[in-house]
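>>> Sharing a model that was predicted from the sequence below.
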Amino acid sequence: MRKTTTGMALTTALFLLSGCSDGGGDTRAKDDKDGSGSHASASKQKTSKWGAPQSYEVTLEVKGKGQPSLSWMADTNHFENRVTLPWKKTVKVTLEGAELKVGRPLNVGAQAVQSPGGLEFNFPPCVIKVDGKIVDKNAGGEKADGCSYKLKGSA
């Protein structure tokens, strides 16, 4: 049994090692015509079948007064406790690959805050801007809609 296991392990190792070789000779990439040793794709900007990456400046705002907890998504997901309103966050968002076509969700929403009279709670207004242009806004009020937008690349 031990000889069989050792023989199988040795055969497997030799098979795997032989698969790592291209038979010797010239090891340069086939599309390396000038012999510089670099792949042709390494000299180009990182692109995909959807196009080159595109960057945008995204600004999320929650207006009003109070200290609600809020969640927002642009570059990644975030949750912040007891922020002081008005609140504003600007981040750079880079879309690449399939995101250029299908998009990336942007959103911001805050908990309801107590009204100035103290008798009721309302959701604060919000705004999402992409490169300075308003793409969604919500006046706030009784419904917890927040603001959302799907950022796609310009084709």
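Received the coordinates, thanks.
>>> Go ahead and report the secondary structure state at the closest residue to Thr84 other than its chain neighbours.
Once flanking residues are discounted, Thr84 sits nearest to Gln67: 5.6 Å by CB to CB, 6 or more residues apart in numbering. Every residue, glycine included, has its C-beta placed from N, CA and C. The three-state label for Gln67, taken from DSSP: H, G, I helix; E, B strand; the rest coil, comes out as coil.
>>> Ok, Val91 next?
What three-state DSSP gives for Val91 is strand.
>>> Contacts only, for the residue nearest to Thr84.
82-85, 113 (CB atoms under 8 Å, 6 or more residues apart in numbering).
>>> can you give me the helices for this protein?
In chain order, the chain shows helices spanning 2-19, 40-43, 99-102, with DSSP state H as the criterion.
>>> lowest-pLDDT helix or strand in the protein?
In the chain, no helix or strand scores lower on mean pLDDT, DSSP states H and E than helix 40-43, which sits at a mean of 38.
>>> re the thing from before, pLDDT at the residue nearest to Thr84, what is it?
The predicted structure scores Gln67 at 94 on the pLDDT scale.
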